[in-house]
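> Sharing a sequence plus its predicted fold:
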Amino acid sequence: MQGELLLFLKIFLAGIFLAAVYDVFRILRNVISHNHFFISMEDLIYWCGAGLFLFVVVYLENDGVIRIYALMGLFLGAFLYHTAISEIFVQYLSLFLSKLSRLLKTLLNSVFCRRKRLKFRFKRVRICIGKNKPAGKVRKNRNEEKKEKKSAKSDCNV
């Protein structure tokens with residue numbers, strides 16, 4: 001009798017855990033918009049993970065023997081969690097995370113805007129520094145070009 005009660009409590013807690021994990025998916029869907037394909041993929045991943053988790057729990061606790069009271073414990077745990085705190089948990093945590101994401105977006109947008117302006121100023125300064133030559137070299141190059149042009153004209157006149 002004591003072993004069955006302990007199994008019932010462990011499966012009951014597993015039901016609460018699985019319902020809480022699904023609420024995390026619901027919160028992510030509220031904060032980040034998803035299309036139907038990604039919602040279906042998340043549900044598929046959740047149910048595969050939940051099946052493996054329940055298999056491991058039942059295998060370790062009851063040598064893989066599925067009992068009716070264990071299934072009732074699972075459903076009762078998930079149902080009580082869902083009716084008691086699920087909606088409050090999802091609503092308030094979704095609201096908190098959406099406000100946090102809006103705050104982070106505004107902070108990151110201001111940082112990226114300032115970064116872009118600083119990057120533009122730095123590149124502009126670097127371009128000026130890299131392209132400019134000292135005045136002496138510029139005059140030498142221009143004088144040499146003038147001499148080459150004069151010599152080319154003089155060669156054509158001969």
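Right, received. Where do you want to start?

> What score does the spatially most central residue of the chain have for pLDDT?
Geometric centre of the chain, nearest residue: Ile32, 9.8 Å, by C-alpha atoms, centre = their mean. Note for Ile32: predicted pLDDT of 88.

> With Leu6 instead?
Looking at Leu6, its pLDDT is 91.

> again, but for Ile129
On the pLDDT scale, Ile129 is placed at 53.

> next one: Ile66
Confidence at Ile66, expressed as pLDDT, is 83.

> How many residues are close by it?
Ile66 has 10 neighbours, counted by other C-beta atoms under 10 Å. Using the backbone N, CA and C atoms, a C-beta is placed for each residue, glycine as well.

> for Ala78, same thing?
20.

> And it, how far from Arg114?
According to C-beta to C-beta, to the nearest Å, Ala78 stands 48 Å off from Arg114.

> Ile85 now?
In this view, Ile85 and Arg114 are 42 Å apart by C-beta to C-beta.

> neighbour count winner among those two?
Ile85 (14 against 10).

> and that one, which of the three is it?
Secondary structure of Ile85, reduced to three states by DSSP: H, G, I helix; E, B strand; the rest coil: helix.

> Many thanks, I have nothing further to ask.
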